[in-house]
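Engineer: Quick check, what structure comes out for this input:
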Amino acid sequence: MGGNQSWVTEFVLVGFQLSAETEMLLFWIFSLFYAFSLLANGTILGLICLDRRLHTPMYFFLSHLAIIDVSYASNNVPKMLAYLVNQNRTISFVPCIMQTFLYLGLAATECLILVAMSYDRFVAICHPLQYTVRMSWRVCTVLAATSWSCGFIQALVHMILLLRLFFCGSREVDHLFCEILSVLKLACVDTWINKVVILAASMFVLVGPLCLMLVSYTRILWAILQIQSKDGRRKAFSTCSSHLCVVGLFFGIAMMVYMVPSSKQREEQEKILSLFHSLFNPLLNPLIYSLRNAQVKDALYRALQKKGSL
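Structural biologist: Numbers count the residues shown, from 1 in each chain. Next up is the predicted model:
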């Protein structure tokens, strides 16, 4: 290595490189979305905790999804908002690595929680008589604990492999936050091991779960089509449609970012997709579940009635 290279102790997040006026406008828009995201997920979480009618496996997993979405947004968005206001885009090495670790851990955990939710819908529709046995609280707890453990173990592997690298020269991360692929581009050593592990992890938390969900929903669709009652078919479809919307948004964006070969032309698109993942997805998830779910709307109505009668 050249004698003019030195160990990098902080990075500079490039972002979108817009005018000061545009960035201030984005600050207020993103702040609004972030506040609504916290409010929506907090409301869902509060309703599930307080309403005993929602103490079922489906809403147990939905509560985990709400926790993940709040954590997911809070990991990236506050720092992003600070950069938009004060124009100081530097981030120290350790906070940057921790941001990457939490981003990967929470994203992988959400993938696995969505798989658990699809299994819950599969058992409820295809094996309704065995539902209480197959989806006991012990099974639900094991599925949730496994999702969190696997998600953060793979993130820990990424972090360990990242810490072994030597960073020198350029400090500019061409992204909105410390996204792993953008950080790897700044390494002064070969990163092929990191890239192989990222591809393997993508297969494990994206392709594998997506295939399982496709198999589950193929069987669910077949079972729904066998239902004689039109009202019964509509009710069965409604219990799955919300989950399918969330799965489509989450997995579609994640696979475009991590499994489609990157290029100079796609870098700006990847920033927008990652922004959607971090800011808009956590807001859309509770809206999709609440607007398309009668039980959640009924629980909210009962909670408002109870508050109004005090």
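
Engineer: Compute the number of surrounding residues for the residue nearest to residue 124 when sequence neighbours are not counted.
Structural biologist: Excluding its sequence neighbours, the residue lying closest to residue 124 (CB to CB, 6 or more residues apart in numbering) is residue 131, at 5.5 Å. C-beta here means a position set from N, CA and C on the backbone, and glycine is covered the same way. Counted with other CB atoms under 10 Å, residues neighbouring residue 131 total 16.

Engineer: Make sure residue 131 is indeed in a strand.
Structural biologist: No: per DSSP: H, G, I helix; E, B strand; the rest coil, residue 131 lies outside any strand segment and is helix.

Engineer: how close does it get to residue 120?
Structural biologist: Going from residue 131 to residue 120 by CB to CB, to the nearest Å gives 9 Å.

Engineer: intersection of neighbour lists for these two?
Structural biologist: Here residue 131 and residue 120 share no contacting residue, scored by CB atoms under 8 Å, 6 or more residues apart in numbering.

Engineer: Show the contacting residues for the residue sitting nearest the centre point of the chain.
Structural biologist: The chain has residue 107 as the residue nearest its centroid, 4.3 Å off, counting by CA atoms, centre = their mean. Neighbouring residues of residue 107 by CB under 8 Å, 6+ apart: 72, 151, 205, 254, 277.

Engineer: now the residues you listed as CSV including distance to residue 196 and pLDDT?
Structural biologist: Converted to CSV, the contacts of residue 107 look like this (distance: CB to CB, whole Å; pLDDT from 0 to 100):
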residue, distance to residue 196, pLDDT
72, 26, 87
151, 19, 94
205, 15, 86
254, 18, 77
277, 23, 79
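
Engineer: Inside helices: which ones of the residues you listed?
Structural biologist: Among the contacts of residue 107, DSSP state H puts 72, 151, 254 in helices.

Engineer: Separate out the buried members of the residues you listed.
Structural biologist: The neighbour-count test (16 or more other CB atoms under 10 Å) marks 72, 151, 254 as buried among those.

Engineer: and the last one, what is it in contact with?
Structural biologist: Under the criterion of CB under 8 Å, 6+ apart, the contact partners of residue 254 comprise 107, 111, 206, 277.

Engineer: again, but for the second one
Structural biologist: With contacts defined as CB under 8 Å, 6+ apart, residue 151 is in contact with 105-112, 205.

Engineer: Might you list the low-confidence residue ranges for the stretch 201-310 of the chain?
Structural biologist: Applying pLDDT under 70 to the stretch 201-310 of the chain flags residues 232, 235-236, 238-239, 258-268, 291-293, 307-310.

Engineer: Show me where it has its helices.
Structural biologist: Assigned by DSSP state H, counting those that start in this stretch, the helices in the stretch 201-310 of the chain fall at 208-225, 230-258, 267-275, 281-291, 294-308.

Engineer: now the angle from the last one to helix 281-291?
Structural biologist: In this case it means helix 294-308. Counting by axes from the mean of the first three to the mean of the last three CA atoms, to 10 degrees, helix 294-308 lies at 90 degrees to helix 281-291.

Engineer: how big is the angle separating helix 294-308 from helix 230-258?
Structural biologist: 90 degrees.

Engineer: what does helix 294-308 contact?
Structural biologist: Taking CB under 8 Å, 6+ apart as the rule, helix 294-308 contacts 43-44, 46-47, 50-51, 53-54, 59, 238, 289-291.

Engineer: Residue 227 contacts residue 233, correct?
Structural biologist: Yes: between residue 227 and residue 233 there is a contact at 4.8 Å, judged by CB atoms under 8 Å.

Engineer: got JSON lines for the buried ones among the ones in helices among the contacts of residue 107, with distance to residue 213 too?
Structural biologist: Below are those laid out as JSON lines (distance: CB to CB, whole Å):
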{"residue": "72", "distance to residue 213": "20"}
{"residue": "151", "distance to residue 213": "16"}
{"residue": "254", "distance to residue 213": "13"}
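
Engineer: Identify, from those residues, the entry nearest to residue 96.
Structural biologist: residue 72 (17.0 Å; CB to CB).

Engineer: List the residues that contact the residue lying closest to the closest one once chain neighbours are set aside.
Structural biologist: Of all residues not flanking residue 72 in the chain, residue 106 sits nearest, at 4.7 Å (CB to CB, 6+ apart). Residues near residue 106 by CB under 8 Å, 6+ apart: 68, 71-72, 75, 151.

Engineer: Show me the two of those residues that sit farthest apart.
Structural biologist: 75 and 151 (13.4 Å).
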